[in-house]
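Asks: Fold the stuff below for me.
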Amino acid sequence: MLDPGALMAALDDPLGAAAVAEDGEVDLSRARALLAPLVGPTFVGDPHLPGKPLVGIDGTVAGSPMRPLRIEPGDMRCAAGAFPACLDIAGTDAAGQPVTRLLFAVTEDRATSVWWADQGAGAGCWRAIGGGAVAVAPEVFDAALAEVAETQIGAVAGAALLDVPDEFRVPARLSLLRGLNSFIGAHPKYGWGGYEGSEHDSFPPSLLALAHALCDVGLLATAKDRVWYWLEAFVRDDGSLDYYGPSLSEHGMLLDLVARLARTARDRDWTVEVVEPCCRVADRLVRLRAEAAGLLPGVPEADFSADQQAPHTVYYGNNLWCIRGLHELAAWLGEAGTHYGQAADAWWAEAQVLLAADSVYLPDRRRFLPPRLGLHEFPGRLTADRDSSYANYRFYPEMVSSRRLTPEQAGVIFAFRETAGGELCGTTRFADWLDDWPAMEMGLAHLDHDRVAAAQRLLVGHLAYHHAAGHETAYEQVSIRPGEHGWREPKAGYCVPVQLVAPRLLRALLVHEAEGALWLNRAGFRRWLAEGYGVQGVTTRWGRVSFRIESDGDGVRAEVDLSGVDEHVPVRLRLRRPDGAALSGIEVDGTQHEVRGESLALPRAGERVSVRAW
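Replies: Numbering: from 1, shown residues only. Predicted structure coming up:
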């Protein structure tokens, strides 16, 4: 293992460098061995359960009479390796006797009942509502467990298949299900174990993360249901959002999400229902900018809601995402949204003028792009103080994910994070810990700018360091140093956006919806070629796509099904040799094509395309 103190003192990313295997790619098993495992609590329950029982690291639910167990890191897992609504636990009791436990919860008469079955010492099956417990017959327990499994299977029935090695596929699937389980029906919850309070329910990133993740894999009916509920519940008549500290960027992200879902689902009736609340949000943004006669000042993060200066400060990420949201709304609405597009164009032009004026060189000659207007000095370390940590964990990721920076501007931010103590194996540092809930913004930005290794590093780092060993629960913040028990610990509760980084980023590595083009296999790992990998039935805003890629001697072969993709959309495919050598030849449907790097534009003459590269 590496020394956490040395990692925290570094300005570069020695953890990410150490996780690179002999083949030149970052490796998940290697990364996990570099830091102590993460151990923390989780919850059980499906979307129908109003209260999600929290399960501690001793395998018990607080207030229940179940025996505490001593559990080694990784020995509390999801049942069958697939269902986060039920836990499969192996440990020892107070006498040191081995015990295995199945634990889940269901709704009975609008109350939460906890069920568990122990094997080994003190074997039996029990059910508890409130503080008391009663024994149940094994067949009754098994029948209840089967219903839980059936519910979990049904929740993702029809989802697109991401056919990759299990070390990536399984945590991604578990994460999607746990994200779904976090909500109470359609009602959003930011998290559990610290974030279940109603004041967090309308935090927009919870909806944004879940709806994007559902859209990624074609669970469009569920996504539409969650989005429609949120718009009805939390968009006020004046277009403001009913949350105690919404950032301006979250308004733009909401418009972007609805536009993406509408263009992907192509459901006219649903579109008619959601246009009006979206236009209320957009009209308010346009009106506020007109009143400000310039870039909009405003709170950039709920934690700044009590800050006296934040409402009067112009943050670039806020404005860039408002611009993108209006652009996406205009593209979705077509002629009816022309005025939103025009407003966004003028807004972006002004933002670029001010960004150019604010771009300076620091004393060490590094180019510096500030997160807020007029900031020309910055600590040399991105975890030096509160402002720099917030810039690193959220403000910079939102700037680069907005797609409204030039490549040069985005490159300045990428370089600053990588050389000023901003990252560890691609994950985001905040003060002396890791905080990855906005990490998906960095992942998408890496892919937008074709930073393949950076996107892969983030996925591996996130799975290795932000997911709990065994049950794969992801917490908002986690420690870098191990605690007194020898493992790393959560510093904040479980939260939905962090949990959903894994499925969203894995899908984006395979199918990336860039601006104006559909990218296939943009950042797939070369080592996956040994067994072959691909996707089946992935939905995009341009239609449904499938592909399969595998090694072919020293080269690679791909079969791509574009029959469901709109004909006018450019489609690019990346192919990489297993040995990492440069390609010397490409053949498409038997016809040789000129080699131009690792990717090629696929011809759209037929529905299916066969490609061989060597």
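
Asks: Okay, now the unreliable bits of the chain?
Replies: 365, 605 (pLDDT under 70).

Asks: Apply 90 and report the result again.
Replies: 50-51, 62-63, 80-82, 108-111, 129-132, 359-368, 376-380, 603-607 (pLDDT under 90).

Asks: ok now do the residue positioned nearest the centre of it, which residues does it touch?
Replies: Using C-alpha atoms, centre = their mean, the residue of the chain that lies closest to the mean C-alpha position is V501, 2.1 Å off. Contacts for V501 (C-beta atoms under 8 Å, 6 or more residues apart in numbering) come out as 175, 436, 439-440, 443, 462, 466, 474. Bear in mind the C-beta positions are built from the backbone N, C-alpha and C, glycine included.

Asks: Mind telling me what element the closest residue to C278 other than its chain neighbours is part of?
Replies: In this structure, C278 finds its nearest non-sequential neighbour in V258, 5.3 Å apart by C-beta to C-beta, 6 or more residues apart in numbering. Assigned by DSSP states H and E, V258 belongs to helix 248-265.

Asks: Likewise for S113?
Replies: Counting by DSSP H and E, S113 is part of strand 111-120.

Asks: could you say what helices and strands the helix or strand following that strand packs with?
Replies: Sequence-wise, the next helix or strand downstream of strand 111-120 (DSSP H and E) is strand 124-129. Applying 3 or more C-beta pairs under 8 Å, 6 or more residues apart in numbering; DSSP states H and E, we find strand 124-129 packed against strand 111-120, strand 132-135, helix 138-155.

Asks: Tell me which of the ones you listed sits most buried.
Replies: strand 111-120 (a mean of 19; mean count of other C-beta atoms under 10 Å).

Asks: Just checking: what are the partner strands of that strand?
Replies: strand 98-108 (antiparallel), strand 124-129 (antiparallel) (DSSP bridges).

Asks: Run through who's touching the last one.
Replies: Looking back up the chat, that one is strand 124-129. By C-beta under 8 Å, 6+ apart, strand 124-129 touches 61, 64-66, 108, 111-118, 133-138, 140-141, 144.

Asks: And that strand, what's buried?
Replies: 125-128 (16 or more other C-beta atoms under 10 Å).

Asks: Pick out the most distant pair among the residues you listed.
Replies: Spatially, the most separated pair among these is C125 and A128, at 11.3 Å (C-beta to C-beta).

Asks: where along the stretch 151-300 of the chain do the helices fall?
Replies: Using DSSP state H, counting those that start in this stretch, the helices of the stretch 151-300 of the chain run over 166-182, 204-216, 220-234, 248-265, 268-292.

Asks: can you put the ones you listed in CSV and add distance to L7 and mean neighbour count?
Replies: Putting these into CSV (distance: least, C-beta to C-beta, whole Å; neighbours: other C-beta atoms under 10 Å) gives the following:
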stretch, distance to L7, mean neighbour count
helix 166-182, 23, 22
helix 204-216, 27, 25
helix 220-234, 38, 19
helix 248-265, 30, 24
helix 268-292, 41, 16
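
Asks: For A410, find the nearest of these.
Replies: Comparing the helices of the stretch 151-300 of the chain by C-beta to C-beta, helix 248-265 comes nearest, at 16.2 Å.
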